[in-house]
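In: Below is the structure, and that's it, no one-letter string:
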């Protein structure tokens, strides 16, 4: 009898915690020490049927996606409608916009290619000494590249190809990377987490992703775009 009363009391406490916390927490378990208050709102969800995003970048007039078939696609950033496809002869894993042109990471390699955003013509090729590159970003004059071999983000000089530093990240894989001018953001899809990191890679915050299959991350003017492998792109604003 005592055991039954104890169980009921425990259930009551758990219910109260759920009622008070489940509406604004990111994890189902309100006692989870890693739980954060909800830090973003989903402004819109773009349906991109037939496209499986693996990386994203924003050029000001279009949202660019590299998909699982290595296609380089310009999308309408309001509707997700396909605008055009950019031809490139090699399989691509990541994409970034530098303010004028696009940077691409060549799949299963340590090669980066700068291409003309209109024609796809190669401008510069960087062959780094190490790495297996995936998603990437361009910010503050540097390339931020997810390296699958070291599970870190490499900060690379886009002119010389010099690796200026390596930023470790706490996840088991990097499925998206973006630099917002102050902090580095990464996605670990397996853990369903965004990580916000400082310049040394120390985690400042973690948040649950809006999907179990998040991939690709882009940032511009206070807005994040987060891809989803079932054919969606979420437009997010962190509070």
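Out: Yep, that arrived. Remember, it's a predicted structure, so these values are computed and weren't measured experimentally.
In: surely residue 45 meets residue 236?
Out: No: Residue 45 is beyond contact range of residue 236, at 10.1 Å (criterion: Cβ atoms under 8 Å). For glycine as for every other residue, the C-beta is placed from the backbone atoms N, C-alpha and C.
In: The two - which one has more neighbours?
Out: Neighbours were counted for residue 45 and for residue 236 using other Cβ atoms under 10 Å; residue 236 has more, 20 against 14.
In: now the helix or strand in which the more buried one is found, how far from the centre of its chain.
Out: Element membership of residue 236, judged by DSSP states H and E, is strand 232-238. Average the C-alpha atoms of strand 232-238, do the same for its chain, and the two points are 11 Å apart (Cα atoms, centre = their mean, to the nearest Å).
In: and what of stretch 226-234?
Out: On the basis of Cα atoms, centre = their mean, the separation between the geometric centre of stretch 226-234 and that of its chain is 11 Å.
In: need the next SSE after the helix or strand bottoming out on mean pLDDT in the chain, C-terminal direction.
Out: The element with the least model confidence among the helices and strands of the chain, by mean pLDDT, DSSP states H and E, is helix 2-21, at a mean of 35. The C-terminal neighbour of helix 2-21 among helices and strands, as given by DSSP H and E, is strand 40-47.
In: Which strands border that following strand, and is each parallel or antiparallel?
Out: Within its sheet, and counting by DSSP bridges, strand 40-47 is paired with strand 232-238 (antiparallel).
In: helix or strand for residue 124, which one?
Out: Applying DSSP H and E, one finds residue 124 within strand 122-127.
In: neighbours of residue 206, just the number please.
Out: Look at residue 206: counted by other Cβ under 10 Å, it has 19 neighbours.
In: right, I mislabeled it, should have said residue 185
Out: Residues within reach of residue 185, counting by other Cβ under 10 Å, total 25.
In: what's the spacing between it and residue 224?
Out: Residue 185 sits 7 Å away from residue 224 when distances are taken as Cβ to Cβ, to the nearest Å.
In: Pull up the overlap in contacts between these two.
Out: The overlap between the contact sets of residue 185 and residue 224 (Cβ atoms under 8 Å, 6 or more residues apart in numbering) consists of 178, 217.
In: circling back: helices and strands around the strand holding residue 124, which ones?
Out: Applying 3 or more Cβ pairs under 8 Å, 6 or more residues apart in numbering; DSSP states H and E, we find strand 122-127 packed against strand 111-115.
In: elements contacting the strand it packs on?
Out: Applying 3+ Cβ pairs under 8 Å, 6+ apart, one finds that strand 111-115 contacts strand 102-106, strand 122-127, strand 133-139.
In: Would you mind getting the angle between whichever helix or strand comes after the longest one and strand 111-115?
Out: Elements were assigned by DSSP H and E; along the chain past strand 133-139, the next helix or strand is strand 142-147. Angle between the axes of strand 142-147 and strand 111-115 is 140 degrees (criterion: axes from the mean of the first three to the mean of the last three Cα atoms, to 10 degrees).
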